[in-house]
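# sequence first, then the predicted structure:
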Amino acid sequence: MSLFTSWFRVRFWKRVAAGFVLGALAGWLIGPDAATWFGPFGTLYVTLIKMIAVPLVFFAVLHSVSSLHGVKDVAALGGRTFAWFAATASLAVFVGLLVAHVLRPGLGVEGLTTPTGWHPKDVPEPVKVLLDIVPANPFRALSEGKILQVIFFAGLLGLALVKIGEKSARLRALAGEANDAMIQVTRFVLEVTPIGTFGLIAALVGSYGFEKLLPLATFVGALYLACALQIVFVYGGLLLTHGLNPVKFFRAAFPAMQVAFTSSSSFAAMPIALRSVVRNMGVKEEYAAFAVPLGASIKMDGCGAIYPAISAVFIAQYFHLDLQPAQYVVILLASVLGSFGTAGVPGTATVMVTLVLSSAGLPLEGIGYLVAIDRILDMMRTMTNVTGQMVVPVLVARERGILDLEVYHRASSELIVEGKPVA
């Protein structure tokens, strides 16, 4: 009992870090068998996250929208949020192109082979993706976990509750109570994060080793460097221009960044990101409950901007092709607009690269070379995604005067839920 209580007295991020280190050590010592022995722990954790993601988003959006007094504020916040999504994605593309040209990851690489069974993904038509945001059957959208459709339906239902006024008072109260219940369920699931991290990392290290990384080490280094520059200098610089201390932000964002890195899933990190943005950074909950889930669906600076940009330069260098100025413009536009258009599509990063390369007229066959190390790349890409998904609500909240600066300035790396630490 003493050991059990002592474990929960350790700060949340330290427990997650311990799971990461122990998982890496177990994977290195045991090898490929680590995936069999410890992989189920990671699988269970991801399944638990998927279990809570849809109801959490539905009730959070329903409660937040139904609590608003005017639609005008929603439109202003939504427009500014999308503008910052696009602006930070554009900056991410520039960072990716710059790093790729400096490190030149495609030169000197020979003998790469495409993994067996790989074939280019089909890119959905933009009109089809936009139409798919509206659910034909909202209950089916809930059951299949189509987050954009869930957000659309929950937002529409919330607006309806606002429109009919006092007649919906009891239903609005029920939505708030359901939201509180899902927050508590989320708190339960988050306690499993260190164990899930251990299983995911042990399986990853045991399966990959280091031999698969060697031929593409420069590419991996370029992606990690570009993502680090985006997080530290771009996001940090934007916070500074808004009069906010970046150190405070990163301290508050750290738990969600950890989970994003280990799980390689924006949706896995979303519950923690939402709680961190509200409780640790001081963003108004009614806005955060809309912006953070939306960002988890369409805000992908790592997968949708940096990765396609570096991949395009890598493939051009590998095949000894010269990129023309017009192609750079296409890469920028396809990356920024495509990340919105491929929202909710499985394997978004690969779909995004397919979209960008086909738009720029580059060989699609080169994508297959990167598939073998995709899990290694996805960790840093996703951490960048999630960090951007937290930065934008903070920037918009600061601009619109709905950021609690007192909460922001006392930011903690401990995950706060309803005024209390998770543990």
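Everything's here; your move. Residues are numbered from 1 along each chain as shown.
# for the stretch 51-200 of the chain, which segments count as helices?
For the stretch 51-200 of the chain, the helices defined by DSSP state H, counting those that start in this stretch occupy 71-103, 126-131, 138-144, 147-163, 169-190, 193-208.
# and those as a markdown table, adding mean neighbour count, mean pLDDT and distance to residue 261?
Quick note: C-beta positions are derived from backbone N, CA and C, even for glycine. As requested, the helices of the stretch 51-200 of the chain are exported to a markdown table (neighbours: other Cβ atoms under 10 Å; pLDDT from 0 to 100; distance: least, Cβ to Cβ, whole Å):
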| stretch | mean neighbour count | mean pLDDT | distance to residue 261 |
| --- | --- | --- | --- |
| helix 71-103 | 19 | 86 | 17 |
| helix 126-131 | 12 | 67 | 28 |
| helix 138-144 | 15 | 87 | 27 |
| helix 147-163 | 19 | 83 | 21 |
| helix 169-190 | 16 | 83 | 16 |
| helix 193-208 | 24 | 80 | 9 |
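# select, out of these, the one closest to residue 254.
helix 193-208 (12.8 Å; Cβ to Cβ).
# okay, the angle between that closest one and helix 169-190?
Interaxial angle, helix 193-208 versus helix 169-190 (axes from the mean of the first three to the mean of the last three Cα atoms, to 10 degrees): 50 degrees.
# which strands or helices does helix 193-208 pack on?
When contacts are defined as 3 or more Cβ pairs under 8 Å, 6 or more residues apart in numbering; DSSP states H and E, helix 193-208 packs onto helix 12-30, helix 33-66, helix 246-263, helix 374-400.
# ok, 10 Å please
In terms of contact count using 3 or more Cβ pairs under 10 Å, 6 or more residues apart in numbering; DSSP states H and E, helix 193-208 is assigned the packing partners helix 12-30, helix 33-66, helix 246-263, helix 266-275, helix 374-400.
# contact partners for the residue lying closest to residue 323 once chain neighbours are set aside?
Leaving aside its chain neighbours, residue 323 sits nearest to residue 316 (5.1 Å; criterion: Cβ to Cβ, 6 or more residues apart in numbering). When contacts are counted by Cβ atoms under 10 Å, 6 or more residues apart in numbering, residue 316 touches 100, 106, 322-323, 327, 357, 360, 362-363, 366.
# what about stretch 314-325, average pLDDT?
Mean per-residue pLDDT for stretch 314-325: 84.
# would you mind measuring the gap between the ends of it?
From its first residue to its last, stretch 314-325 covers 16 Å (Cα to Cα, to the nearest Å).
# renumber starting at 10 from here on
All right, first residue 10 from here; so that's stretch 323-334.
# for it, buried residues please.
Buried residues in stretch 323-334, counted by 16 or more other Cβ atoms under 10 Å: 323-327, 332.
# now render the residues you listed as a markdown table, adding distance to residue 202 and secondary structure.
Output for these, formatted as a markdown table (distance: Cβ to Cβ, whole Å; DSSP: H, G, I helix; E, B strand; the rest coil):
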| residue | distance to residue 202 | secondary structure |
| --- | --- | --- |
| 323 | 33 | helix |
| 324 | 36 | helix |
| 325 | 40 | helix |
| 326 | 39 | helix |
| 327 | 38 | helix |
| 332 | 42 | coil |
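# residue 206: which of the residues you listed is nearest?
Once Cβ to Cβ is applied, the member of the buried residues of stretch 323-334 that ends up nearest residue 206 is residue 323, at 29.7 Å.
# which residues does the closest residue to the closest one other than its chain neighbours contact?
Sequence neighbours aside, residue 115 is the residue nearest to residue 323 in space, at 4.2 Å (criterion: Cβ to Cβ, 6+ apart). Residues near residue 115 by Cβ under 10 Å, 6+ apart: 109, 225, 227-228, 231, 319-330, 375, 378.
# need phi/psi at residue 115.
Dihedral pair for residue 115: phi -90, psi -10, per degrees, to the nearest 10.
# per-residue confidence for it?
78.
# how close does it get to residue 335?
Counting by Cβ to Cβ, to the nearest Å, the gap from residue 115 to residue 335 is 20 Å.
# cool, and residue 197?
Taken as Cβ to Cβ, the span from residue 197 to residue 335 is 53 Å.
# how about residue 260?
Look at residue 260 and residue 335: by Cβ to Cβ, they are 43 Å apart.
# who's more crowded, the two?
Shown here are residue 260 and residue 335; by other Cβ atoms under 10 Å, residue 260 has more neighbours (19 against 10).
# so which of the helices of the stretch 60-209 of the chain is nearest residue 64?
Closest to residue 64 of the helices of the stretch 60-209 of the chain, according to Cβ to Cβ: helix 178-199, at 5.6 Å.
# quick one, the closest one and helix 21-39 angle?
Using the same axes, to 10 degrees, helix 178-199 lies at 40 degrees relative to helix 21-39.
# helices and strands of the protein: which one has the lowest mean pLDDT?
Using mean pLDDT, DSSP states H and E, the weakest-scoring helix or strand in the chain turns out to be strand 425-426, at a mean of 46.
# which residues of the stretch 310-432 of the chain score low on pLDDT?
Scanning the stretch 310-432 of the chain for pLDDT under 70 picks out the ranges 347-357, 360, 374, 377, 380-381, 421-432.
# any idea which of the helices of the stretch 60-209 of the chain gets closest to residue 43?
helix 202-217 (3.0 Å).
# next, the angle helix 42-75 makes with the closest one.
Interaxial angle, helix 202-217 versus helix 42-75 (the same axes, to 10 degrees): 130 degrees.
# mind checking how far helix 202-217 is from the chain centre?
19 Å (Cα atoms, centre = their mean, to the nearest Å).
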